[in-house]
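K.L.:
Quick check, what structure comes out for this input:
(chains A, B and C)
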Amino acid sequence: MIGTNEKVAAIVEKYDGNCDSLISILQDVQSEYHYLSEDAVREVAGLLGLPLIQVYGVATFFKAFSLEPRGKHIVSVCMGTACHVRNAQSVLDEVERKLGIGVGETTQDMEYTLETVNCLGACALGPIVVVDDKYNSQMSSRKVKKILGK
Amino acid sequence: MVELTINGIKTRVFEGTTVLEAAQEMGTIIPTLCHHEGLTPYGACRICIVEVVKGDRSSLEASCTLPVEEGQVILTDSERVKKRRKVIMELLLSSCPNSKTLQDMAANMGVNEVRFTIKDRECILCGLCVRYCKEQMQSGGIGFVGRGTSRRVATAFGVTPEECRGCGGCEWICPVCERACTAGNLVNGLCGGCQNLVPVETCPICIGCSESVTPSGHRVY
Amino acid sequence: MVVSIKIASAAELEQLRSRIVAGHDPDRLCVVTSVGTCGLACGAGEVADALSKALADFGINDSVDIRTTGCHGFCEIEPVVVIYPERILYQHVTPEDVPEIVSESVVNKRVIERLLYRDPSTGESITHEQDIPFYQKQKRLSLDNNRLIDPTNIDDYIALGGYSALAKALFKSQPEQIIEEIKKSGLRGRGGGGFPTGRKWESVRNAHSYDGVRYVICNADEGDPGAYMDRSLLEGNPHSVIEGMIIGAYAIGAHDGYVYVRHEYPLAVQNVTIALEQAREHGLLGEDILGSGFDFDIKISRGGGAFICGESTALMASLEGKIGEPRAKHIHTSESGLYGRPSDLNNVETWANVPLIINRGADRYSQIGTEGSKGTKIFSLVGKINNTGLVEVPMGMPLKEIVFDIGGGIPNGKKFKAVQTGGPSGGCIPESLIDLPVDFDRLAEAGSIMGSGGMIVMDEDTCMVDVARYFVNFLTEESCGKCVPCREGLDRMLDILTAITEGRGKDGDIELMEELGETIKDTALCALGTSAPNPVLSTIRYFRDEYEAHIQKKRCPAGVCKSLITFTIDEEKCTGCTVCAKECPQGAISGEKKEPHVIDQTKCIKCGLCRDNCKFDAVIVS
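P.N.:
Predicted coordinates for the structure are as follows:
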């Protein structure tokens, strides 16, 4: 993909080509492209001089990374303990029903990707659903359709 | 030199030796799976656990990664060790039920039943292949991918890596994939045939051990 | 605004402090609103914007200050607006309330009754922040300053005495003396391990390093779901942590530090980044700190979404750009940690306690708390509790006081059942132990741990088997997968628990889980694994009857496990309003208008939408 290499190179440059910053580099690449493409992963490995399998291993180990293209809107449901005790599971079930996809999946029209998070740290106000960086607190299955605009 | 006691017997070894090595030097047998003399110890399978006694308390540690210490008291086959090893063995079998190596080991320990759900991963994630490729062949083309129960040994993006030398070492060193037992429907029970070494003609079911070659053709990797 | 000047001595720091304090008029009106993550989650950002606009509209933005701070800790009442100097507190503020607040309370000095905090037990409204029982019963040594500080302005921190502990440490003590002081204070790690901090510092200082390099690291991974005290400190008072780290680095002899923040905390990363920049500009970080000749700087590193990276060896692997795979700790990280050098890893709250100890002195500090657990601890009190929020109390306070006196008890008149402490590595404390003093050792005796301080309160409607299943599920997702007992053991434990919650439990399941749990505890490679069975073993210990009900009677006494409950409509109460039928995603409810409705059990998926929407309480769960 023309252009990927330049942007990726700039990101690696920002971290002085430091191998230890691999996780931060991948996070910035993912922020830029919404996911980690095979090209981007290979480019990062090449620029850092790291074995490809090591970069691939890191990209598949950490939950923050997605090697699959993600939808335009990311919906994250917090499944932390405090949220769970306040019935986060039924909120998640409702989101799955409304979007018609399961956790980790993206809608056919590439509009929505559904993810879960194991604690956002806003525990007093759970359950929490984040849509595109906007936090929605004290969620219930009733409120789901409003925040999804469906 | 460091002096420690293993199973009541005092021994002296060089500093930097692991408890497993010290025990093996004495001729004590400790079961291992993810350990290989020529590769760095990993401590993943936990089958080599031993009991480390400190006063009136004790803990279990993997002997392959445990450095020897002056005055250490080690028990390699205590009741507690045996009890825990058996459950670990069951867990190993539940995730790789068709491995003859594992079944031999289990039979030797007296494990004849697997009480957990069988999920055949065809791999125990011991990492020997990964370490062989990296340390022995200096290639490092395969590695661990994913996390938790999704963790597996793979290549990046599923293609043969540039670094691969085609040496076959990864297959050779694998402790579980060399022979498979294909006897019937071994869902929860083991026949224990490996331990008993029942002669071919009287085997109630084929267990594919090296002593037999059956017309039905047992699968050998 | 922040004026950057490099402070070159302790005297200059004091001069700067005096100048800032002199510039503060204590009688000047200041409207404070907290914009930590939880505040923002319920609209505090919009409230803050509305406040700015309203002050400008009224033409008083030159005479009235506005300050945005981090979390104050009483999250239940967010968004919150406090008017200084009187400290009139308004709760649940919406942007629509703001013009009234400015015109009534700021301009005309009148109190708006409807926005005041109401004490749930007395029904009385309370005007002033300091009179609120939730705050009164706490001892907020670390957290209190959150209400006074704009985390993006270092001047606020300096005005309150910030960095005076650093000056004291650098110019009035030797590194060994600082370590002695921390040892004497009895400070124990606040991240979960509870290891004596002074001893850790000492071993890192004394460990051999072939090139003399040592590291100090701040563990801001805070992976325990339900715990967010570190987030609050980092967002609201990052300098308290930074100051602690500089003092620690000086004591240990380290010149490089790292703050490893979980990637799910973007605001914390942002505020720490700003704080580090400002500290550098002021000569408090970097080369020749305060003219002392001591060099030290801190880098921020983000996590990638892995609970295991809260474990010290996995964290350090992650800092090196590798996967978060732990290693056996026969060789401690204090001797060989990050890049094989001696490394000191401490939790955020531990670091925040350091300037406190240096300023107060170890003797005074150690008078707070119990014999084995000194100082205060911040707990996140969440779940089925009236006053959810962050609670800072002296170690040794009885659990009952925390839950009932500060927490305000259980909402909706429900009965208390248990408190889960220590997150996924901990256990539950049942009603019979409600008088337990909360400190490291007493919690351990009861089969739980302090952990990072998460306290999840549970009531009669919480199913303990479901809770156990939740934690094991969490841990199977977070397991790194290296060792067999954790990877396979927890997975099979989850299978058994899931079967039990779905009515497929068998006799012998409890005993099997006990055996499996004890094995994992004994043989797993790292602390995630060895502590993973705790929630299961602890709930079996105190709530065995619930497990037995699920297994033998196929019943869920708390009414939670979907396969074991049925939703029916009470004919007497149903008014036939048809709301439930419209809400039902499966179209399982039928009935004529004004006639009692009926749920088709073959279609019902137990989602609970009908019960949530019914205004007449007509849906029964059994």
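
K.L.:
mind checking the SS state of residue 50?
P.N.:
All of this refers to chain A. What DSSP: H, G, I helix; E, B strand; the rest coil gives for A:L50 is coil.

K.L.:
not what I meant, chain B
P.N.:
Once three-state DSSP is applied, B:V50 turns out strand.

K.L.:
That one reaches B:L75, doesn't it?
P.N.:
Yes. Using CB atoms under 8 Å, B:V50 is in contact with B:L75, at 6.5 Å. Any C-beta I mention is one placed from the backbone N, CA and C, and that applies to glycine too.

K.L.:
list residues touching both of the two?
P.N.:
Taking CB atoms under 8 Å, 6 or more residues apart in numbering or on different chains as the contact rule, B:V50 and B:L75 both touch B:V81.

K.L.:
So for these two, which sits in the more crowded spot?
P.N.:
Neighbour count, other CB atoms under 10 Å in any protein chain shown: between B:V50 and B:L75, B:V50 has more, with 27 against 18.

K.L.:
Any idea what the more buried one is bridged to?
P.N.:
Bridge pairing for B:V50 (DSSP bridges) gives the partners B:E61.

K.L.:
Can you tell me how far it is from C:T530?
P.N.:
16 Å (CB to CB, to the nearest Å).

K.L.:
show me what contacts A:E105?
P.N.:
Taking CB under 8 Å, 6+ apart as the test, what A:E105 contacts is A:113-114.

K.L.:
Look up the closest residue to C:G70, ignoring the ones flanking it.
P.N.:
Using CB to CB, 6 or more residues apart in numbering or on different chains and skipping residues adjacent in sequence, the residue nearest C:G70 is C:G236, 2.0 Å away.

K.L.:
Quick one: residues in contact with the lowest-mean-pLDDT helix or strand in chain A.
P.N.:
Least confident helix or strand of chain A, by mean pLDDT, DSSP states H and E, is helix A:81-85 with a mean of 81. With contacts defined as CB under 8 Å, 6+ apart, helix A:81-85 is touched by A:119, A:123-124, A:126-128, C:224-226, C:380, C:382-384, C:388, C:420, C:423, C:454, C:456, C:458, C:462, C:467, C:470-471, C:474.

K.L.:
Of these, which are in range of chain B?
P.N.:
By CB under 8 Å from any CB of the partner chain, no member of the contacts of helix A:81-85 lies near chain B.

K.L.:
Among the residues you listed, which are located in helices?
P.N.:
C:467, C:470-471, C:474 (DSSP state H).

K.L.:
near chain A, from these?
P.N.:
Okay, of the ones in helices among the contacts of helix A:81-85 touching chain A (CB under 8 Å from any CB), that's C:467, C:470-471, C:474.

K.L.:
Which of these sits closest to C:I298?
P.N.:
Closest approach to C:I298 among those (CB to CB): C:F474, at 30.8 Å.

K.L.:
wouldn't the closest one be in contact with C:P225 here?
P.N.:
Yes. Counting by CB under 8 Å, C:F474 does reach C:P225; the two are 6.8 Å apart.

K.L.:
Please say which of those two ends up with more neighbours.
P.N.:
Taking neighbours as other CB under 10 Å, C:F474 and C:P225 compare with C:P225 leading, 29 against 26.

K.L.:
and the closest residue to that one other than its chain neighbours, what is it in contact with?
P.N.:
In this structure, C:P225 finds its nearest non-sequential neighbour in A:G80, 3.2 Å apart by CB to CB, 6+ apart. By CB under 8 Å, 6+ apart, the contact list for A:G80 reads A:88, A:117-120, A:123, A:126, C:225-226.

K.L.:
Please apply the same query to B:V52.
P.N.:
B:58-61, B:66, B:72-74.

K.L.:
ditto for C:P557
P.N.:
Contacts of C:P557 (CB under 8 Å, 6+ apart): C:463, C:546, C:549.
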